[in-house]
Structures are given as C-alpha cells and as structure tokens.
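In: Got a predicted model here, sequence first, then my questions.
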Amino acid sequence: MNVEFTDEFKKKTQHFIRKNAQLKSSFKKQFTLFKINPFHPSLRLHKLKGRRSEQYAIWIKGDLRALSIKSKTRTETYVFFDVVTHDEY
C-alpha cells in the first residue's frame, strides 16, 4: 500500500503533536500498520457517507481521525489530506 501526505495534512499533524507529544507515536504506529495492512482492525478504516462519500477515515487515537482519498492516477495509493476529530466529520 502506498501512502502520500498533503502539506496541509503534515501541518495539522504537527499542530496536534505540539499539543500532545504522545500522538507522535500513535501516528507512526497507525501509518506503519496502514502501509502493511490497511484493513487491520485497529485502524478502523471506513468509507465516509454524505458529502464526504469519496473519502476514507482511519482511527489514530481517541476521537482523532486521519482522512484520505484513493488516488485516481496511482493504484493502491491513499492520499491523506486532513486530521480531524470524530465530531468534525
């Protein structure tokens, strides 16, 4: 599985890590798992509904989720573009 991160995603990730340094290991663990097996149960990968129906979310920690889309040009590639709390999506 290939994973790409937008600049906005990287910026928001750093913002959350500055608030809580323990999140750094959570992000690293979850994305390592995602690259190996995107359907690992601890990721809770799911497709969103409604206006976000083309997007996917994985669980990071607590109510924090990473949002992605499948690349239309590269197979087996997810592009992560946002980090949000569960209530924000």
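Out: Right, received. Where do you want to start? Residues are numbered from 1 along each chain as shown.
In: can you give me the helices for this protein?
Out: With DSSP state H as the criterion, the chain has helices at 7-19, 23-36.
In: I'd like to know which of those helices is closest to Asp87.
Out: Closest approach to Asp87 among those (Cβ to Cβ): helix 7-19, 14.8 Å. All C-beta atoms are positioned from the backbone trio N, CA, C, and that covers glycine.
In: what's the closest one packed up against?
Out: Contacts defined by 3 or more Cβ pairs under 8 Å, 6 or more residues apart in numbering; DSSP states H and E place helix 7-19 against helix 23-36, strand 77-85.
In: what's the neighbour count on the nearest residue to Phe81 once chain neighbours are set aside?
Out: Distances taken as Cβ to Cβ, 6 or more residues apart in numbering place Thr6 nearest to Phe81, at 4.6 Å, with adjacent residues excluded. Thr6 sits with 13 neighbouring residues when counted by other Cβ atoms under 10 Å.
In: so which of the helices of the chain gets nearest Phe80?
Out: Judged by Cβ to Cβ, the one of the helices of the chain that comes nearest to Phe80 is helix 7-19, at 4.9 Å.
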